[in-house]
Structures are given as C-alpha cells and as structure tokens.
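> for reference, the sequence and a predicted model appear below.
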Amino acid sequence: MKLILLGAPGAGKGTVAKILHQIDGSVQISTGDILRGAVRDSTELGKKAEAFMKAGDLVPDDLIMGIMEERLAKPDCEKGFLLDGFPRTIPQAEALDELLPKVGHKLDMAVNLNVPREELLNRLTTRRTCSNPECQAIYNIKSKPPKKEGICDICGSPVIQRDDETEEAISKRLDTYEEKTAPLVDYYKKKGLLLNVTATSSEGVVNTIKERLNQS
Ligand code: ADP
Ligand code: ZN
C-alpha cells in the first residue's frame, strides 16, 4: 500500500505505520526519524535542521524534498510505503505530486487521523522515547510506563523526553500543524484521495484503512 498518514503530532501516525508495515511489508518513511538521525550523526543535513526542530518549527521545504527524493527512489519502496510526517505543507504536497510519477509510484490514499487537541496535549506531554537510536520504543508515563522507571523494556537504554516534547515546544508544534499542515486535508479531499478517521484506537484506524483498500 502507498499511503500518506496525515494528523497532528501525537495523533498516532507512527504507531499506525508500524502495524501496517507488519501487514504487507510497506516501509515506514518518517521524515522526523530521518532528521533526528541526521542531527545525531551531525551530518550537513542535521546541522541545518537542528535549530528548527528544537524550536518546534518546520524544517525548510527544500531540505525535506531533498530527503524524500532520495528516499522514495530506493528499491524497498516497491513493496509500498507509509509516509509519516510528510508532506507537512502545501508546497511539499505539490512537490510530491511531481516527484511520484518520476520514481514510478502512485498514491492509494491520504489517511487523516483525527484527534482532539486536548487529547493530543495530554498524550504528548506524557510521552517518553527510548534514547537508543536503534530502538526508539515509545512509552507513556500514564498509560504505558516502562516496567522499570526510566529504563526501556526492550533494550535497557534510558527512556527520555524528546527535546521537542517540552510543553512549550509541543504547543508550538500544534499551532504550526493547524496553520501549515491541516490545509492538506482539503488538498487530498479535492483529489478524491482522502480517508478521514477518528483516531481513538490504532487498531480501529488500521481496520478502517484495510476496509477502504479492499473496496478499491
Ligand atoms: P511529530 O511528533 O511532531 O509528528 P516528527 O517526528 O514527525 O514529529 O518531526 C519532528 C520535527 O522534525 C518537526 O517538529 C519538524 O521540525 C521536523 N520535520 C519532520 N518532518 C517534517 C516535514 N515534512 N517538513 C518540515 N519539517 C519536518
Ligand atoms: Zn529501547
């Protein structure tokens, strides 16, 4: 399947992508993960992106398109792909429309995960992430704490709060989402590619996606 996952920070795009990957091997492509990797490795890209990310601002479109041109041309995308956190702006969506035919792909749909802002704030401020870049397991201090406080169940590395998950940065990210990314819902609706789902549980979202794909 070839999908865009739309939705605010904390809507569950990453979790849904991981479940969908299990189903048919479609690769999860998260621009956020790629950027965090670049920052960690202090690559040229990482150096350019770091300050924007810390502040909860979007990274400039040309840097993002550079990443995606390279990524979508890789052979593993033949199995399908799940775009998680991209596109984030109308110019990115337009650039993707031009890029896809060049790399021989066509989108099945754009799935919008709907979650109320209050619930997003609640999820994000309590979210914790495994600091091991190979693992990145996600926890929640209220609903899914690690068995041993502050230690990853899977790999034993410290579980931390991301730099951009302080209350101030989160609030900024949600505002940026409303302003820059929410208009994409209409963009894909006009193209007849939108599937809107209320994202109460990731399993529910996955089932709705499966039903829709079987219909078409
Ligand atoms: P979120 O949890 O906010 O969805 P991500 O992991 O997707 O976070 O992204 C983290 C940060 O990386 C964003 O706040 C932004 O600075 C940057 N980023 C990720 N994807 C994009 C994109 N498509 N366009 C611009 N900036 C991006
Ligand atoms: Zn871990």
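Yep, it's here. Numbering: from 1, shown residues only. Ligands and ions are numbered 1, 2, ... in the order given.
> so which strand or helix has the closest residue to ligand 1 within the chain?
Residue nearest to ligand 1 within the chain: Gly32 (2.0 Å; CB to the nearest ligand atom). Every residue, glycine included, has its C-beta placed from N, CA and C. Counting by DSSP states H and E, the element that carries Gly32 is helix 31-40.
> tell me the phi and psi of Cys130?
Main-chain dihedrals, Cys130, degrees, to the nearest 10: phi -60, psi 130.
> any idea how many residues pack against it?
Neighbour count for Cys130, taken as other CB atoms under 10 Å: 22.
> now do the contacts for it.
136-139, 152, 154-155, 157-160 (CB atoms under 8 Å, 6 or more residues apart in numbering).
> one more time with 10 Å, if that's ok
136-139, 146, 151-160 (CB atoms under 10 Å, 6 or more residues apart in numbering).
> what distance do you get for it to Thr181?
Distance of Cys130 to Thr181, given as CB to CB, to the nearest Å: 26 Å.
> so which of the contacts of Cys130 are in strands?
Among those, DSSP state E puts 138-139, 159-160 in strands.
> need the contact partners of the helix or strand where Leu120 lies.
Here Leu120, judged by DSSP H and E, is contained in helix 117-125. Contacting residues not belonging to helix 117-125 are listed as 7-12, 115-116, 140-143, 161-162, 164-167, 169-171, 173-174, 177-178, 199-200 [CB under 10 Å, 6+ apart].
> could you pick out the buried ones from those?
Buried members of these, scored by 16 or more other CB atoms under 10 Å, are 7-12, 115, 162, 164-165, 169-170, 173-174, 177, 199.
> distance from the helix or strand containing Glu211 to the middle of the chain?
Element membership of Glu211 [criterion: DSSP H and E] is helix 202-215. Its chain's C-alpha centre and that of helix 202-215 lie 18 Å apart, by CA atoms, centre = their mean, to the nearest Å.
> I'd like the average pLDDT over it.
For helix 202-215, the mean per-residue pLDDT is 91.
> what is it packed up against?
The elements that helix 202-215 packs onto, with contact taken as 3 or more CB pairs under 10 Å, 6 or more residues apart in numbering; DSSP states H and E, are strand 2-7, helix 13-24, strand 109-114, strand 194-198.
> try 8 Å this time
Here helix 202-215 touches helix 13-24, strand 109-114, strand 194-198, going by 3 or more CB pairs under 8 Å, 6 or more residues apart in numbering; DSSP states H and E.
> out of those, which comes closest to Glu98?
When the helices and strands packed on helix 202-215 are compared by CB to CB, strand 109-114 sits nearest Glu98, at 16.3 Å.
> closest one of the buried ones among the contacts of helix 117-125 to ligand 2?
Ligand 2 lies nearest to Arg162 out of the buried ones among the contacts of helix 117-125, by CB to the ion, at 13.9 Å.
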